[in-house]
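K.L.:
show me how the following folds:
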Amino acid sequence: MKERLAITLSVKVGGVTHEVPGGDVRALSLEMTSHGVSGSVSFVVQDDQAHGGKYKDEVLADFQKPDLGEVEVSVKPSHWDTSLEKSTPAIATRGLILDKRVTEHTYVRGFDAAVVLFRTYTVTFVDAARGLWRQHFPCNLVVTKSFKDVIEAYKGSAITATYSWDVISTARPLIFFHLDPDRGASFYDLLVWFVREQNGVFTFDHAEGTYSFADAKPADGTAATLSRDEVMGLTSELPPTPRWQPRVLNTYAEAPKTEPIENAQAATSITRDVLLRTPVAGEVDARVTLEKARPLAPLREVILEFRCMPTVAVAPGSLLDVSSKGGFSEDLIASTEPFRVYSLELAAEALKGGPEIDYGDVAADFEVSLAARLEQKSDKAVRLPAITEPRFPGYLEGKVVSEQWEDTDLTYNIYQDADTSVDQYKVKIPIFENQIITCPFDPYQGSGNFYIPAYRDARVLVELYFDRANIARLLDWRPGARVPMEGQGEHLLLGVSDKSNTSILHDYEDKKPVLQIKRTNEKDTAMVRIEEGKLTIQVKENQG
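P.N.:
Here you go, the predicted model:
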C-alpha cells in the first residue's frame, strides 16, 4: 500500500538528542512484540552550507561518538483532513541503538573535487533489556533474596520494570546462575527462562519503554472495532494440539509419588514428565499446582494484513473486535471473542530516495506493508522470545560451617529447616563474600555404612542449581590425616582436633604391614599396635 506517513523520530547519539522531521525519513522497519522491539530507521541530512546552500549537518559529529544511543519513533497516517489525524492512534516504540552507519552522497561538477551534499544515516535498535542484557553474562550467588532483587541490581538507568507477581518478588534461600558467553545463555535468556518456567507474564510497554512482570495477562480493557475495509487479508491459525499427558514424578525412595495432570486430548501412553527428588511433600504439591496452571497449548490466532493504515490502535497489547460490527462475516471463525495484538510488523520505504520535495516536512510518501498477529483475549499462553537455555549445575568451592564447641574444633553441625524439618549443612562461599547457603545433610561420598559428616572449614565442591545446592565432594584432607608416601599408609583420623582424636593407621615398615589404633585426649593416650611378631598395648600420660 502507498501511504503518506507522519513519522516522528528522535535519535540520541553522543549524548545529544536530534529531532528528525518525518519528511527526512527514508526507511523504517519495525518488529514489535508483546515483549520487545527490534527495528531500523534511515534518514537523510543535507550538508551544503559550505557550498552555498542553507543546510548544515549537525548530526555527524555526535553520530561518531560511542555513547549509548537511543531511538524514539512514532508513525501515523498523514491526512489532508487533519481532524482524522487527531483520532488515529500512533504506532510508537523506543529502543537502544545497536549499530550505526552513514553513507555520504557527493556531487562532482566538471574537474572539481567531489563535494558532500547530503548523508544517509541508518541505525538499528532493540528494546533496552534485549540490547543490554544479551551482552550480560554474570556469575552470581545471592542468598535470601528474590529474583526481583537480582533484576533491580542489574537493570541500571536504561531499564524500568514493574512487578505484580508474587513468584518473582518472593525471597528464595538462594539464587545462583553462571552465564558463560561460550555456552551462549545471557542474562536476558535467564530472565525469559525464569518467566517461562514459573508460568509468568513478561511484557514491554512500547510507548513508555517499560517492562512488566505479572502473574497473568490483563483481563480489563475495551476492544476497538476493526473495520473490514482496512484489512486486505485475514487468516485464522489453529496451533497444534499437545497429545501428551503431563506428570510430576518424585523419586524420593521413602515416599515415591506420581501425579498425573489431566489433558483430555492426550494420546494413550504419551507422557511428558517432570522429575523431582525431594523428601518435602509440599514441594511436590507446589510443582503439581504449577504444572496444572500451565496452559497446554495456545488458542486460535489471527493474522491480519492491512490494506491501509488502521484507524484503531494496533500496537502490541491493543484489543480488537474482529466481528460483524466492523463488517466481517458472522460465520468467520475469528469472530468469537475480542483479540489482543501480540505482534506487529511494519516496513516503510520512501518513494523518493534523496532529500527532495519532502525534506524538512513532517510527512512523506511511503510504500508500506503492515501485518499483525492476534491472540484470543482469554488465551493464557505466554508468547516469549526464543532463548538459549541456561545450563545447570555450576560448581563453586565452599567451606563447611559448624557452630559446635570451640572455633578451632573440627566439629560438624546439623541444621534443621524450620519449615520442612529437613536436616542440612551450612556452607559459606568465599568468592561471594562468604555468603552462607544450605545443602542437604546427605552422605555425599563413600558408603552409607560410614557416618563421617563434613567438619568445620572442610573445603567442599558445591553443586549449584538455580535455587538449590548439594555438596558434591570433599576437596582436601583434614589436618593431620595425610601420611608420608614412603610408608604407603592409609589413615582414618576421627575427632575434633590434634588434642582430641582417634587415629587408625595402616602403613608399611620395611615393606611389612603395621596397624596402629591410637586415642588421644590432651596428654592421655591409649594405643594398640600390631606389627610383625609383636603386639603392643600402651596407656600413658605424656609429660610436659
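
K.L.:
just checking, Arg172 touches Arg468?
P.N.:
No: using C-beta atoms under 8 Å, Arg172 is not in contact with Arg468, being 9.1 Å away. C-beta coordinates here come from the backbone N, C-alpha and C atoms, glycine included.

K.L.:
spit out the residues that contact these two alike.
P.N.:
Common neighbours of Arg172 and Arg468, counting by C-beta atoms under 8 Å, 6 or more residues apart in numbering, are absent.

K.L.:
got the domain ranges for this structure?
P.N.:
2-127+302-376, 240-293, 394-474, 485-541 (automatic domain parsing).

K.L.:
check the offset of the third one from the chain's centre.
P.N.:
Between the mean C-alpha point of domain 394-474 and the mean C-alpha point of its chain there is a distance of 29 Å (C-alpha atoms, centre = their mean, to the nearest Å).

K.L.:
show the average pLDDT along it.
P.N.:
For domain 394-474, the mean per-residue pLDDT is 96.

K.L.:
what about the strands in the stretch 101-250 of the chain?
P.N.:
115-126, 139-145, 161-164, 172-178, 201-205, 210-214, 224-225, 231-237, 245-250 (DSSP state E, counting those that start in this stretch).

K.L.:
quick check: which of these is nearest to Asp417?
P.N.:
Closest to Asp417 of the strands of the stretch 101-250 of the chain, according to C-beta to C-beta: strand 172-178, at 8.9 Å.

K.L.:
now do that closest one against strand 139-145, angle only.
P.N.:
170 degrees (axes from the mean of the first three to the mean of the last three C-alpha atoms, to 10 degrees).

K.L.:
name the strands paired with strand 172-178 and say parallel or antiparallel.
P.N.:
Each strand that pairs with strand 172-178, with its direction, by DSSP bridges: strand 139-145 (antiparallel).

K.L.:
mind listing what's buried in the partner strand?
P.N.:
141-143, 145 (16 or more other C-beta atoms under 10 Å).

K.L.:
tell me the mean pLDDT over that strand?
P.N.:
Computed over strand 139-145, the average pLDDT equals 98.

K.L.:
quick one: distance of that strand to the chain centre.
P.N.:
15 Å.

K.L.:
got a list of contacts for that strand?
P.N.:
Contacts for strand 139-145 (C-beta under 8 Å, 6+ apart): 149-150, 171-180, 394, 396, 429, 432, 435-437, 464.

K.L.:
low-confidence ranges in the stretch 151-300 of the chain?
P.N.:
By pLDDT under 70, the stretch 151-300 of the chain contains no weakly predicted segment.

K.L.:
just the helices from it, written as ranges.
P.N.:
166-169, 187-197, 281-293 (DSSP state H, counting those that start in this stretch).

K.L.:
output the contacting helices and strands for the helix or strand following the last one.
P.N.:
So the one you mean is helix 281-293. Using DSSP states H and E, the next helix or strand after helix 281-293 towards the C-terminus is strand 301-306. Applying 3 or more C-beta pairs under 8 Å, 6 or more residues apart in numbering; DSSP states H and E, we find strand 301-306 packed against strand 231-237, strand 363-376.

K.L.:
on that earlier part again, any chance of the buried residues of strand 139-145 in CSV, plus distance to Asp379?
P.N.:
Below are the buried residues of strand 139-145 laid out as CSV (distance: C-beta to C-beta, whole Å):
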residue, distance to Asp379
Leu141, 37
Val142, 34
Val143, 38
Lys145, 33
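
K.L.:
out of these, which comes closest to Val280?
P.N.:
Nearest to Val280 among the buried residues of strand 139-145 is Val143, at 19.4 Å by C-beta to C-beta.

K.L.:
distance of the closest one from Tyr121?
P.N.:
48 Å (C-beta to C-beta, to the nearest Å).

K.L.:
over to Thr222?
P.N.:
Thr222 sits 40 Å away from Tyr121, going by C-beta to C-beta.

K.L.:
repeat that for Leu304.
P.N.:
The value you get for Leu304 to Tyr121, if C-beta to C-beta is used, is 32 Å.

K.L.:
over to Pro89?
P.N.:
28 Å.

K.L.:
for the residue most central in space within the chain, what are its contacts?
P.N.:
Nearest to the mean C-alpha position of the chain, counting by C-alpha atoms, centre = their mean, stands Leu191 at 1.8 Å. Going by C-beta under 8 Å, 6+ apart, Leu191 touches 129, 133, 151, 202.

K.L.:
count of neighbours near the closest residue to the last one other than its chain neighbours?
P.N.:
With C-beta to C-beta, 6 or more residues apart in numbering as the criterion, Phe202 has its nearest non-adjacent residue at 4.5 Å, and that residue is Val195. The tally of other residues near Val195 (other C-beta atoms under 10 Å) stands at 21.

K.L.:
surely Val195 is in contact with Val201?
P.N.:
Yes: taking contacts as C-beta under 8 Å, Val195 lies within contact range of Val201: 7.3 Å.

K.L.:
returning to what we had before: for Ala214, see how far away the residue nearest to Phe202 is.
P.N.:
Counting by C-beta to C-beta, the gap from Val195 to Ala214 is 10 Å.

K.L.:
and what of Asp365?
P.N.:
41 Å.

K.L.:
likewise for Ala223?
P.N.:
20 Å.

K.L.:
returning to what we had before: what residues do Val195 and Ala214 have in common as contacts?
P.N.:
Common neighbours of Val195 and Ala214 (C-beta under 8 Å, 6+ apart) are Val201.

K.L.:
on that earlier part again, please work out which of the helices and strands packed on strand 301-306 is packed deepest.
P.N.:
Highest mean neighbour count among the helices and strands packed on strand 301-306 (mean count of other C-beta atoms under 10 Å): strand 363-376, with a mean of 21.

K.L.:
who's more crowded, Thr222 and Tyr121?
P.N.:
Per other C-beta under 10 Å, whichever of Thr222 and Tyr121 has more neighbours is Tyr121, with 23 against 8.

K.L.:
which strand residues bridge that one?
P.N.:
Phe43, Val102.

K.L.:
quick one: pLDDT of it?
P.N.:
97.

K.L.:
same check, this time on Ile333
P.N.:
72.

K.L.:
mind listing what it touches?
P.N.:
Ile333 neighbours (C-beta under 8 Å, 6+ apart): 236, 300.

K.L.:
roughly how far does the residue nearest to the centre of the chain sit from Ala153?
P.N.:
According to C-beta to C-beta, Leu191 and Ala153 sit 13 Å apart.

K.L.:
same question for Gln135.
P.N.:
16 Å.

K.L.:
next one: Asn199
P.N.:
24 Å.

K.L.:
Glu389 belongs to a helix?
P.N.:
No: with DSSP: H, G, I helix; E, B strand; the rest coil as the criterion, Glu389 is located in coil rather than a helix.

K.L.:
rewinding a little: between the helices and strands packed on strand 301-306, which one is closest to Ala281.
P.N.:
It is, among these and with distance given as C-beta to C-beta, strand 363-376, at 36.5 Å.

K.L.:
about what we covered before: tell me which of the helices of the stretch 151-300 of the chain is the most buried.
P.N.:
Using mean count of other C-beta under 10 Å, helix 187-197 ranks as the most buried of the helices of the stretch 151-300 of the chain, with a mean of 20.
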